[in-house]
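Chemist: after the sequence you'll find the predicted model.
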Amino acid sequence: MPKMKTHKAASKRFVIKKSKKHGTIVLKRTDGQDHFNSRESGNTKRNKRRDNSASNPLKRTVIKLLPNL
């Protein structure tokens, strides 16, 4: 059986953290950070600096894409 490969696009966008209390936590970068940020309000800019946690269906998909992390 060959090794399972890591999905490189997913590895750049998501971080998997393991914790004893909550099991697996998947963090994703907030969308829309690349350009056109000067028109955003201050609250929106500040909120974009934080990472978001992924929903449960997305979490399952990401864990399948990143088997070795």
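Modeler: Perfect, I can see it now. Numbers count the residues shown, from 1 in each chain.
Chemist: and stretch 9-25, what's its mean pLDDT?
Modeler: Average pLDDT, stretch 9-25: 85.
Chemist: scan this structure for its longest helix.
Modeler: The longest helix of the chain (DSSP state H) is helix 56-65.
Chemist: what helices or strands is that one leaning on?
Modeler: Where contact means 3 or more Cβ pairs under 8 Å, 6 or more residues apart in numbering; DSSP states H and E, helix 56-65 is packed against helix 8-13, strand 14-19, strand 23-28. All C-beta atoms are positioned from the backbone trio N, CA, C, and that covers glycine.
Chemist: would you turn these into a markdown table with mean neighbour count and distance to residue 63?
Modeler: Below are the helices and strands packed on helix 56-65 laid out as a markdown table (neighbours: other Cβ atoms under 10 Å; distance: least, Cβ to Cβ, whole Å):
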| stretch | mean neighbour count | distance to residue 63 |
| --- | --- | --- |
| helix 8-13 | 12 | 10 |
| strand 14-19 | 14 | 7 |
| strand 23-28 | 14 | 6 |
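Chemist: those: which one's closest to residue 65?
Modeler: Closest approach to residue 65 among the helices and strands packed on helix 56-65 is made by helix 8-13 (4.2 Å; Cβ to Cβ).
Chemist: any chance you could list what contacts the closest one?
Modeler: For helix 8-13, contacts defined as Cβ atoms under 8 Å, 6 or more residues apart in numbering pick out 28-29, 62, 65-66, 69.
Chemist: 10 Å - rerun?
Modeler: Helix 8-13 is contacted from outside by 7, 16, 27-29, 31, 54, 61-66, 68-69, using Cβ atoms under 10 Å, 6 or more residues apart in numbering.
Chemist: now the residue most central in space within the chain: how far from residue 57?
Modeler: The chain has residue 28 as the residue nearest its centroid, 2.0 Å off, counting by Cα atoms, centre = their mean. Between residue 28 and residue 57 the distance is 13 Å, computed by Cβ to Cβ, to the nearest Å.
Chemist: same question for residue 6.
Modeler: 20 Å.
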